[in-house]
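[1] Next input, structure requested:
(2 chains, ligands or ions: 2)
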Amino acid sequence: MQLGFLVDLRLCMGCKGCEIACKVENEVPLSTWRLRVKYVDVGSFPETKRTFTPLRCNHCANAPCERICPVSALHYIENGIVNIDKERCIGCAGCVMACPYGAIYIDPQTQTADKCTYCAHRVASSMMPSCVVACPVEANIFGDLDDPMSNISKYIQEHQGNVQVRKPEKGTDPHHFYVGGGNVTLNPLASFRGEGHNLFNNLTHLPIGGHH
Amino acid sequence: MAHEIIAATNAIVTLDVALPGIVWGWIITMNMWAKSIGTGIIFLAFFLLKKYPEQTAFIRLPVVAISIVFIHIFLLFTVVDLHQMFRFWHIFFYPHLTSAITIGAWMATGFVGLLFGMAYAIYIKKDTAMYDKLLGWTTLLAIPVTLYTAGLMAESTARELWQMPTESAQMILAALLAGSATMILMGGNKFSDPIKKDLGLVLGFSAFGAFLLYMSEYIFGAMKAEEVAATLEFVKGGEYTIMFWVGQLLAFITPMVLVCLSLKKQSYYLLKIAAVSALIGLWVSKHVWLVIPQLLNMS
Ligand code: SF4
Ligand code: SF4
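    Numbering: from 1, shown residues only, chains lettered A, B, ... in the order given. Ligands and ions are numbered 1, 2, ... in the order given. Below is the predicted model of the structure:
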């Protein structure tokens, strides 16, 4: 079994329901996020368009975070999820440096690394990840990539030619796909990121675990 | 940071969360800097004791003392940077062998053990033969201890500025630079002219080699990967430009010039200024190189 995610960006309407559901389900502390939806505006007035991109851990098959973790706190479980053992983590932040997608943060409460686990605890009880349940337009599709009859596999087959992953050149082999994405939505270097774009405008960068 | 914006898209992030800032900051710079001195002085001691055994016999005790002090500064800052420092022992009980951090921690532990063996040999047993034997092993182990941070940087996928094998070469050159500078300052005027000349040459050539690598990356790095191009913008007119050039000037350019002058004028005084400049500049240049890839948005 190889669990994977797919987001159809053509359906996503940026409601941030998934973001909030994730926060609640996983008790993600203030100012940190396992999953977030980034808004990028494209074009020049009046020809403008707003794009929405949910961003979470890709559960890479060749995960740099797992490789660099000195204590195997980040580890694979049999369904392909890259999970984290917070009791074992020593907080070296090697994984934060190694993840090419900025998917890991240091939890300010536990002072350990944390990230999206595809809701491994829910999956273990045969439930869908909470973001999937919360999405009103079913833009999040979750399932077994090894099973050709799963929803996600069928979706990938149907949209051949329009399925992307983030930063494929990094060789991480992500198990998180996007349909209808493009350079602007998937490449962070392709959009301008000024100050004052975030939810809390006087907070532009996060302190890391009290070290600053 | 927007490296690939085109007018056709004019893409602007209009709503997002705040992202983490610098994760590995000055504490890790201290770690790398102190380690360069702690292992570098061992390389230089091995060289001098082989080439000038009679004249450099007095360095045995101060060398091991300096190395122990700086390796412990390195270890202290390594542990202090952990967000769960009291779990440090997990590295030894749950080791993950693909991680350069694990390998480095083990190597450094072995290195410290050998250093204490050398201290015992020279301070308690007064046995120079035992010291020299241990020094050989310590020098060998100093190589991976010096290099493991480069491995760690190489494992940081997407921080493309940190490339292997360039970082390995930089780490070794930094150790030789710091080791020769410390030896120059430690030896006072007790060294003969040929030894001073050798130390000056090691300092000058390691400064030259490191400067060459930095400049190669500065000029050509941007042509290889978009992340490198975007990262280098922070030192090409960006917020770390002055700090970058201060580091290059103090760590490499000044020592190169002063070593040439000191060799020409036979002035040990100039060599000492070069050594101080190199040690200060090394901290600054390491810090800039450590921090700038972290300023890049990963998502
Ligand atoms: S996206 Fe990042 S955190 Fe998730 S598995 Fe890949 S490297 Fe690890
Ligand atoms: S911060 Fe924790 S999970 Fe991340 S690499 Fe270090 S020990 Fe592993």
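[2] Now A:S150. Nearest residue, chain neighbours left out?
    A:G143 (3.8 Å; Cβ to Cβ, 6 or more residues apart in numbering or on different chains). Any C-beta I mention is one placed from the backbone N, CA and C, and that applies to glycine too.
[3] confidence score at the one you found?
    A:G143 carries a pLDDT value of 96.
[4] and the one helix or strand it maps to, which strands flank it?
    Secondary-structure element containing A:G143, defined by DSSP states H and E: strand A:140-144. If you go by DSSP bridges, strand A:140-144 pairs up with strand A:3-8 (antiparallel).
[5] and the next helix or strand after the partner strand, what does it pack onto?
    Next helix or strand after strand A:3-8 toward the C-terminus (DSSP H and E): helix A:17-26. Counting contacts by 3 or more Cβ pairs under 8 Å, 6 or more residues apart in numbering or on different chains; DSSP states H and E, helix A:17-26 packs against strand A:36-44, helix A:130-134.
[6] Can you add mean pLDDT and mean neighbour count and give the ones you listed back as CSV?
    Below are those laid out as CSV (pLDDT from 0 to 100; neighbours: other Cβ atoms under 10 Å in any protein chain shown):
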stretch, mean pLDDT, mean neighbour count
strand A:36-44, 93, 19
helix A:130-134, 97, 21
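[7] Point out where chain B drops to low pLDDT.
    Residues of chain B that meet the criterion pLDDT under 70 lie in B:1-7.
[8] where do the helices sit along the stretch 151-299 of chain B?
    B:166-187, B:193-220, B:226-232, B:241-248, B:254-265, B:268-291 (DSSP state H, counting those that start in this stretch).
[9] tell me the most buried of those helices?
    Compared across the helices of the stretch 151-299 of chain B, helix B:166-187 shows the largest average neighbour count, a mean of 24 (mean count of other Cβ atoms under 10 Å in any protein chain shown).
[10] Would you mind listing what in chain A touches ligand 2?
    Contacts of chain A with ligand 2, taken as Cβ under 6 Å from any ligand atom, map to A:68-71, A:73-74, A:84, A:89-95, A:112-113.
[11] ok, now which ones touch the residue positioned nearest the centre of chain A?
    By Cα atoms, centre = their mean, chain A has its centre lying nearest to A:R56, at 0.6 Å. Listed by Cβ atoms under 8 Å, 6 or more residues apart in numbering or on different chains, the contact partners of A:R56 are A:5, A:22, A:34-36, A:103, A:116, A:131, A:176.
[12] circling back: tabulate the helices and strands packed on helix A:17-26 (TSV), appending distance to B:A251.
    Shown next, in TSV, are those (distance: least, Cβ to Cβ, whole Å):
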stretch	distance to B:A251
strand A:36-44	39
helix A:130-134	48
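[13] Tell me which of these sits nearest to B:M223.
    strand A:36-44 (27.3 Å; Cβ to Cβ).
[14] biggest strand in chain B by residues?
    strand B:12-15 (DSSP state E).
[15] So which other helices or strands are in contact with that strand?
    Using 3+ Cβ pairs under 8 Å, 6+ apart: strand B:12-15 touches strand A:36-44.
[16] Moving C-terminal from the strand it packs on, which element do we reach first?
    strand A:47-55.
[17] Show me where chain A has its strands.
    A:3-8, A:36-44, A:47-55, A:74-76, A:82-84, A:105-106, A:113-114, A:140-144, A:163-164, A:176-179, A:205-206.
[18] what's the distance between B:V288 and chain A?
    16 Å (Cβ to the nearest Cβ, to the nearest Å).
[19] Wait, that residue touches B:I242, no?
    No: if you go by Cβ atoms under 8 Å, B:V288 and B:I242 don't touch, sitting 9.8 Å apart.
[20] Pull the contacting residues for the closest residue to A:A139 other than its chain neighbours.
    Nearest non-adjacent residue to A:A139, counting by Cβ to Cβ, 6+ apart: A:L11, 3.9 Å away. Counting by Cβ under 8 Å, 6+ apart, A:L11 makes contact with A:137-139.
[21] Give me the buried subset of these.
    If you count burial by 16 or more other Cβ atoms under 10 Å in any protein chain shown, the buried members of the contacts of A:L11 come out as A:A139.
[22] circling back: just list whatever residues bridge to the residue nearest to A:S150.
    Beta-bridge pairing for A:G143 (DSSP bridges): A:G4.
[23] so where's chain A uncertain?
    Residue ranges of chain A with pLDDT under 70: A:196-212.
[24] For it, which residue gets nearest to chain B?
    A:G91 (2.7 Å; Cβ to the nearest Cβ).
[25] Surely that residue touches B:H83?
    Yes: counting by Cβ under 8 Å, A:G91 does reach B:H83; the two are 2.7 Å apart.
[26] List the single closest residue to B:F58 in space, sequence neighbours excluded.
    B:K190 (6.5 Å).
[27] ditto for B:L249
    Nearest non-adjacent residue to B:L249 (Cβ to Cβ, 6+ apart): B:G281, at 6.8 Å.
[28] Is it correct that that neighbour is in contact with B:Q248?
    Yes: using Cβ under 8 Å, B:G281 is in contact with B:Q248, at 7.4 Å.
[29] For stretch A:119-131, buried residues please.
    A:119-120, A:122-123, A:128-131.
[30] Equivalent analysis for stretch A:25-35, please.
    Here stretch A:25-35 shows A:25-26, A:28, A:32-35 as buried, counting by 16+ other Cβ under 10 Å.
[31] what does stretch B:112-125 give?
    B:112, B:114-115, B:117-119, B:121-122.
[32] which one of these is nearest ligand 2?
    B:V112 (21.6 Å; Cβ to the nearest ligand atom).
[33] Name the helix or strand for that closest one, please.
    helix B:100-119.
[34] Provide the contact partners of that helix at residue level.
    A:68, A:70-71, A:92, A:94, B:39, B:60, B:64-65, B:67-68, B:71-72, B:74-75, B:91-92, B:95-97, B:131, B:134-135, B:137-138, B:141-142, B:144-145, B:148-149, B:151-152, B:154-155.
[35] Likewise for stretch A:148-161?
    Here stretch A:148-161 makes contact (Cβ under 8 Å, 6+ apart) with A:4-6, A:8, A:141-145, A:147, A:163, A:177, A:179.
[36] Please check those residues and keep the buried ones.
    Of these, these count as buried by 16+ other Cβ under 10 Å: A:4-6, A:8, A:141-145, A:163, A:177, A:179.
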